[in-house]
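[1] Just need the structure, nothing else, for what follows:
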Amino acid sequence: MEYLNASNSSLFARTSVDELVSSTVLGLCCALGVPGNIAVLVMLTQHLKEDSFTPKLMLSLAISDLLSLIFLPVWIYALLNGWVFGQGLCKLFSYVVYWSLYSSVFSVTLLSVQRYLQVLYPQQWAKLGRKGQKGLIFGIWTSSGALASYALYYRNVKKKKEDGFLRCYQDYKNKQEQIVVLFIETLVLYVVPLFSMLYFYYRLHQRINQSASFRSPRLTKLAVRIVVVFFVFGTPCMINNLVLMAMPWESNTSNNVTGALFFINCCVNPFLYAFSARALQSKRKQHSDQPQQNETQSAVKHF
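    Numbering: from 1, shown residues only. Predicted structure coming up:
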């Protein structure tokens, strides 16, 4: 018992507040996000044979979020006790997490593009067909895999001077390499997706409001929630990236906390999309009973 108490005291003495906060946030994300995304996968498998592209894209989103969340127990343990899993698993796990994060963000962005095209250009979207839809999803995963490949090169296991733990982290040779990687992350994972969602959902909102026969407050609320959640939990991480690019030093505290916040997106996504889809389906059924439907209604029904 004395050894256990001493060991525990040593652990808490070497564990900072930000590491405890970050590990708690990651633990909650894992506890809520994993079963949530599994529930989404089960629910969506019943709709894969439908012509609508939305269930397939939501399935891609759920898989990518699940992949990023199931490895969180490993990162939580490493955050509190150091990395003990070797160099190879450091690179592999990091690559899978980055791959899933890129594909998750791309899936969310493509959902906004899809909804925009279905309402404003339904005939052009219909020409895409099933092969085109499969090509888009394939493109999401292949491009995400390519963009995440830098993790295989830069991720290394080294002992940190601050706490004496072995850490699996981005090991850049110089400041220029760090700036390039962080700039690409900020641009691809945040700036382009955020402004794309803002534009496409705003144009979608305009078109729906112009139709006197079809107004969907649920759709408007869902779009607003999507953008707000992405902005709230993505902004701290990207601000941290900008600070790291500008400053000659970096803070483990900011890296840990902002990185943990970014994972909340993967936890919240299933509740935003799949569970909100039930409300949208009831709205679709109401409009299917009307004798006259215009082209905009027909497109929005596919949500």
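[2] residue closest to the middle of the protein?
    The residue lying closest to the centre of the chain (Cα atoms, centre = their mean) is S104, at 4.2 Å.
[3] Would you check how far apart the residue nearest to K159 when sequence neighbours are not counted and V157 are?
    Among residues not flanking K159 along the chain, L166 sits closest, at 5.4 Å (Cβ to Cβ, 6 or more residues apart in numbering). The way it works is simple: take the backbone N, C-alpha and C, and place the C-beta from them, glycine included. Distance from L166 to V157, counting by Cβ to Cβ, to the nearest Å: 6 Å.
[4] So for those two, which residues contact both of them?
    Shared contacts of L166 and V157, defined by Cβ atoms under 8 Å, 6 or more residues apart in numbering, comprise W83.
[5] Pull the contacting residues for the residue nearest to the centre of the chain.
    Contacts of S104 by Cβ under 8 Å, 6+ apart are 61, 64-65, 68, 265-266, 269.
[6] That one sits in which helix or strand?
    helix 86-120 (DSSP states H and E).
[7] sorry, back to before: give me the subset of the contacts of S104 lying in helices.
    Cross-referencing the contacts of S104 against helices under DSSP state H gives 61, 64-65, 68, 265-266, 269.
[8] can you map out the strands along the chain?
    Taking DSSP state E as the criterion, the chain carries its strands at 155-159, 166-170.
[9] What angle do strand 166-170 and the first one make with each other?
    Right, strand 155-159. 150 degrees (axes from the mean of the first three to the mean of the last three Cα atoms, to 10 degrees).
[10] Tell me how far strand 155-159 lies from the chain's centre.
    25 Å (Cα atoms, centre = their mean, to the nearest Å).
[11] now the last one
    Using Cα atoms, centre = their mean, the distance from the centre of strand 166-170 to the centre of the chain it belongs to is 22 Å.
[12] thinking again about what came up before, check the strands of the chain for me and report the most buried one.
    Highest mean neighbour count of those: strand 166-170, a mean of 19 (counted as mean count of other Cβ atoms under 10 Å).
[13] From G145, how far off is the residue nearest to the centre of the chain?
    S104 is 13 Å from G145, by Cβ to Cβ.
[14] And the nearest residue to E177 once chain neighbours are set aside, how close does it get to T258?
    Computed as Cβ to Cβ, 6+ apart, the closest residue to E177 that is not its neighbour in sequence is Y154, at 7.7 Å. Counting by Cβ to Cβ, the separation of Y154 from T258 is 18 Å.
[15] Please say which of those two ends up with more neighbours.
    T258 (21 against 17; other Cβ atoms under 10 Å).
[16] how about low-confidence regions in the stretch 1-150 of the chain?
    Counting by pLDDT under 70, the stretch 1-150 of the chain shows low-confidence ranges at 1-15, 47-51.
[17] rerun at 50
    Across the stretch 1-150 of the chain, the ranges flagged by pLDDT under 50 are 1-13.
[18] re earlier: in a markdown table, list the strands of the chain along with mean pLDDT and distance to G27.
    As requested, the strands of the chain are exported to a markdown table (pLDDT from 0 to 100; distance: least, Cβ to Cβ, whole Å):
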| stretch | mean pLDDT | distance to G27 |
| --- | --- | --- |
| strand 155-159 | 91 | 22 |
| strand 166-170 | 90 | 18 |
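[19] Which of these sits closest to T235?
    strand 166-170 (20.5 Å; Cβ to Cβ).
[20] mind listing what that closest one pairs with, with the direction of each?
    Strand pairing for strand 166-170, determined by DSSP bridges: strand 155-159 (antiparallel).
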